[in-house]
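S.K.: Sequence first, predicted model second:
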Amino acid sequence: MDGIAVGDRLGLLAFARREDARAYLWVLRAIDRLRSGHRVQVGVEEVAGVLREFAAVHEEVPALEGVLRDRLDVLWEDGLLHRHDDVSRAGSLARYRNRQSVYQFSELGYRAYTLVEDLLAARVRDVNLSRLAFSEVLADLRALAQANRLGEGRKVLARLSRLDEAMEDMARRSARFHVTLGEIVSMTEASPEEFLRYKNALLAHMREFMDELDRYLPRLERAVREVEETGVVTMLTRAADADDRPLLAPGERMADWEQRWAGLRGWFVPGPDGRSGVAELHAATRTAVSAVIAMLYQLSEVGRSGVDRASELRHLAAWLARTPDEDAAHALATAAFNLTSARHLGAAHEDEERIDPGSTWWDAPGVEVALTPFRTGRQAGPGAPQPVKADTGARAELRRRQAAEFAAERGAARGLAERAPVGRPLDEDETRVLLRLLTKALEARTVISGRLESASGSDDIVVLRLRPAERGDVVRVPGGSLHLPGFALEVETLERPRV
């Protein structure tokens, strides 16, 4: 997708950043409740009725009487909803004159709404590594190979779909587990008790997952090889033929399944670099086990010595308070926290008068700084001059085009001189030359005694003259006719005849 399409899709989440984001969320929940009852298009009164039902159960439901239509129109402008005018809902002339709109989810709008709901409903600690999925994946791969041998297209499609869903679920679960584990490890200094409470379960879970992975990985790789021996192109063709997605062309369905199979194969079969998705997952889990063990060691050392980060900071604060002067305090804090001078400070804002001298660094607007002074402290220079790239091929092509255009114009000019332009149709090149000469002639004409006399325009080949005439000439050009009222057109050559 281009940048415009990406911006449009990200704009679907704009409702979640508004001041009354919860009000918009409850409106979308009401529409989703009606959609679950197969009410695709809903009116304002129907949405208001569902909101009243929500308010009877949940106290946080906002009161939107009188502004509900405005909220729905904002969601329509954001692209989450479609709006249609339904005349059949107007029971009287007065209601007919007023706009009777119905709303329904757009496809991308519904996905944006479900993304927000999934984020709000997510529980951080319900993560796990799907070690039990390996046996199911192995059985599906063997069944896929058997279905492809027997030529059963529907079973091939069903097994490929199950494998694709299993791989997607495995990737999502592993990503969530390692992200959550990183959060737990990083927050142990604040609550070591919580980490110690989960340490046994974490280590046991990761150990069981790695054992299961080591046991199934060779078998899964052999199963993928067996599927490939039955014919990958034939299998994907059968899956694309059995695929019943009506909005995708056969070629698009084939390309989609090729991409899915390549991703599935990359999970279990090493690529050219010798790495596979399962191998990377195994390495990430081993690294996570090392991080957990290192954190346990750190916590045990803290418990044995009685010194933790909080006690260290208290001792440092006492040292800072006992320093003889402010310079010594700054030197001690600099050494303790490894503080250095900010090399990139010193840049001035483009309009210094707009910045209040009394504003703090936190409130003042930032200044764009080049990467060189930010990283090294040195001023950014122009650098060494780069060699000029001589693209002889492109230059030769431009010269060839210019020579061809110049030859075509000269040939067209000679054609105008040899055959009068009046009374015959002109081609594109002749029309271009004629219009250029006609422009020169019209710009050069003068008025004598209130009358327009003759005018001329020329190049190095021909000269065009406009002479006064009672009945002007008409020139037939591509796409129509060019009328010259009050002027006769003459074209003469300027080239001398060759001897």
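M.R.: That came through, no problem. Numbering: from 1, shown residues only.
S.K.: Do a quick rundown of the strands in the stretch 51-200 of the chain.
M.R.: 81-85, 101-105 (DSSP state E, counting those that start in this stretch).
S.K.: Revised request: answer the last question for the stretch 301-450 of the chain.
M.R.: Using DSSP E, counting those that start in this stretch, strands in the stretch 301-450 of the chain cover 447-448.
S.K.: can you pull out the helices in it?
M.R.: Applying DSSP state H, counting those that start in this stretch to the stretch 301-450 of the chain gives helices spanning 309-321, 326-337, 371-376, 392-418, 428-444.
S.K.: So which bits of the fourth one are buried?
M.R.: Read it as helix 392-418. Buried positions in helix 392-418, judged by neighbour count with 16 or more other CB atoms under 10 Å: 408-410, 412-417. From N, CA and C alone the C-beta is placed, and that goes for glycine too.
S.K.: Quick one: distance of it to the chain centre.
M.R.: Here the centre of helix 392-418 is set off from its chain's centre by 44 Å, with CA atoms, centre = their mean, to the nearest Å.
S.K.: ok, now the last one?
M.R.: Centroid separation between helix 428-444 and its chain, computed with CA atoms, centre = their mean, is 49 Å.
S.K.: can you point me to the longest helix in the protein?
M.R.: helix 192-229 (DSSP state H).
S.K.: Can you name the next helix or strand after it?
M.R.: Counting by DSSP states H and E, the next helix or strand C-terminal to helix 192-229 is helix 232-242.
S.K.: Tell me the helices and strands packed up against that next one.
M.R.: If contacts are counted by 3 or more CB pairs under 8 Å, 6 or more residues apart in numbering; DSSP states H and E, helix 232-242 sits against helix 133-150, helix 153-186, helix 250-268.
S.K.: can we see that at 7 Å?
M.R.: Helix 232-242 sits against helix 153-186, helix 250-268, with contacts defined as 3 or more CB pairs under 7 Å, 6 or more residues apart in numbering; DSSP states H and E.
S.K.: And that helix, what's buried?
M.R.: Buried residues in helix 232-242, counting neighbours by 16+ other CB under 10 Å, are found at 235-240, 242.
S.K.: As TSV, those residues with distance to Arg424 and pLDDT would be great.
M.R.: Below are those laid out as TSV (distance: CB to CB, whole Å; pLDDT from 0 to 100):
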residue	distance to Arg424	pLDDT
Met235	65	92
Leu236	61	90
Thr237	59	91
Arg238	64	91
Ala239	63	90
Ala240	58	90
Ala242	64	90
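S.K.: related to what we said a few turns ago, any chance of a markdown table for the buried residues of helix 392-418, columns distance to Leu138 and pLDDT?
M.R.: As requested, the buried residues of helix 392-418 are arranged in a markdown table below (distance: CB to CB, whole Å; pLDDT from 0 to 100):
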| residue | distance to Leu138 | pLDDT |
| --- | --- | --- |
| Ala408 | 70 | 87 |
| Glu409 | 73 | 86 |
| Arg410 | 76 | 86 |
| Ala412 | 75 | 85 |
| Ala413 | 79 | 85 |
| Arg414 | 80 | 86 |
| Gly415 | 78 | 85 |
| Leu416 | 81 | 84 |
| Ala417 | 85 | 83 |
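S.K.: quick one, phi psi at Ser276?
M.R.: phi -130, psi 170 (degrees, to the nearest 10).
S.K.: count of residues packed around the residue lying closest to it once chain neighbours are set aside?
M.R.: Once flanking residues are discounted, Ser276 sits nearest to Pro270: 4.8 Å by CB to CB, 6 or more residues apart in numbering. Look at Pro270: counted by other CB atoms under 10 Å, it has 13 neighbours.
S.K.: which SS state does Pro270 fall under?
M.R.: coil (DSSP: H, G, I helix; E, B strand; the rest coil).
S.K.: Would you point to the one among the strands of the stretch 51-200 of the chain that's packed deepest?
M.R.: Highest mean neighbour count of the strands of the stretch 51-200 of the chain: strand 101-105, a mean of 20 (counted as mean count of other CB atoms under 10 Å).
S.K.: Just checking the distance from that one to the centre of its chain.
M.R.: The answer for strand 101-105 is 27 Å, by CA atoms, centre = their mean.
S.K.: what do you get for stretch 202-211?
M.R.: On CA atoms, centre = their mean, the centre of stretch 202-211 falls 37 Å from the chain's centre.
S.K.: Check stretch 481-489 too.
M.R.: Centroid separation for stretch 481-489 versus its chain: 56 Å, with CA atoms, centre = their mean.
S.K.: So Ala331 versus Gly151, what's the distance?
M.R.: Distance, Ala331 to Gly151, using CB to CB, to the nearest Å: 81 Å.
S.K.: Could you identify which of the helices and strands packed on helix 232-242 has the lowest mean pLDDT?
M.R.: Of all the helices and strands packed on helix 232-242, mean pLDDT reaches its minimum on helix 153-186 (a mean of 81).
S.K.: Give me the buried positions along it.
M.R.: 153, 155-160, 162-163, 166-167, 170, 173-174, 176-178, 181, 184-185.
S.K.: Show me this structure divided up by domain.
M.R.: Using automatic domain parsing, the domain ranges for the chain come out as 3-121, 133-301, 419-493.
S.K.: and of the strands of the stretch 51-200 of the chain, who's closest to Glu443?
M.R.: Nearest to Glu443 among these is strand 81-85 (55.3 Å), distances taken as CB to CB.
S.K.: Figure out how far the closest one is from the centre of its chain.
M.R.: Offset of strand 81-85 from its chain centre (CA atoms, centre = their mean): 26 Å.
S.K.: CA atoms of that strand as PDB?
M.R.: Extracted in PDB, the C-alpha atoms of strand 81-85 (Å, rounded to 0.1, in the frame of the first residue of the first chain):
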ATOM      1  CA  LEU A  81     -19.300   3.300   9.400                       C
ATOM      2  CA  HIS A  82     -21.200   3.600   6.100                       C
ATOM      3  CA  ARG A  83     -24.200   6.000   6.100                       C
ATOM      4  CA  HIS A  84     -27.200   5.500   3.800                       C
ATOM      5  CA  ASP A  85     -30.500   7.500   3.500                       C
END
